[in-house]
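Student: Have a look; sequence and predicted model below, questions after that.
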Amino acid sequence: MAREPLSALSVIHLVLQAGSVFAFPALGLKALRAGGPARLRLATMIALGVVVVFALAAASSPFGNQLVSGYGSADTVPRAVLLYGLTLGLPVLGGAGTIRLLGGRFAALLWPYTAAVITAGFGWVAGVVLATWLLPLVA
């Protein structure tokens, strides 16, 4: 049985998933060190904005979502925003919180980065569990 190749949206999702857990903590640390908490907030808001834009794209038929034709945008968009907000947004928020808490306390970047990646990983797990529980409840 032949397997279909990954779509561009699937590849972008995987990149965003890895980025929210591994790349954002590094970017957040760099933002905190360069401009303080205000720059970290800006980086966090930009990352969350990217998540929302991706969720809206994933919920649209031009990007391959075939559920829109059967269920409509009013049903598909909130579910996509909830799903990606939890699975991509919670890791970003967890990592940002850890960076804010530990980012300026260590001279070396390894410890705050490691703690932020661990927090982001737990945020991803929590997001998946919450999405699994909440998505059936969304009308």
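Tutor: Received it, and whenever you're ready, just let me know what you need.

Student: hey, where'd the helices end up in this protein?
Tutor: 8-18, 24-58, 67-71, 73-84, 90-102, 110-134 (DSSP state H).

Student: Single out the most deeply packed of those.
Tutor: Across those, averaging neighbours per residue (mean count of other Cβ atoms under 10 Å) puts helix 90-102 on top, at a mean of 24. In short, each C-beta sits where N, CA and C put it, glycine included.

Student: Next, the contact list for Ala116, please.
Tutor: Each residue near Ala116 by Cβ atoms under 8 Å, 6 or more residues apart in numbering is listed here: 25, 28-29, 94-95, 98-99, 102.

Student: What pLDDT is listed against Ser7?
Tutor: If you check Ser7, the pLDDT there is 86.

Student: Phi first, then psi, for it.
Tutor: Backbone geometry at Ser7, expressed as degrees, to the nearest 10, gives phi -80, psi 160.

Student: and the gap between Ile99 and Asn65?
Tutor: Per Cβ to Cβ, to the nearest Å, Ile99 is found 33 Å from Asn65.

Student: Quick one: residues contacting the residue nearest the centre of the chain.
Tutor: Centroid check for the chain by Cα atoms, centre = their mean gives Leu88 as the closest residue, at 1.9 Å. Leu88 makes contact with 16-17, 20, 51, 54, 127, according to Cβ under 8 Å, 6+ apart.

Student: Also Ile12?
Tutor: Contacts of Ile12 by Cβ under 8 Å, 6+ apart are Phe54.

Student: Surely Gln105 and Ile99 touch.
Tutor: Residue 105: Arg, not Gln. No - assessed by Cβ atoms under 8 Å, Arg105 is found out of contact with Ile99, at 10.6 Å.

Student: joint contacts of these two?
Tutor: With Cβ under 8 Å, 6+ apart as the test, Arg105 and Ile99 both reach Pro112.
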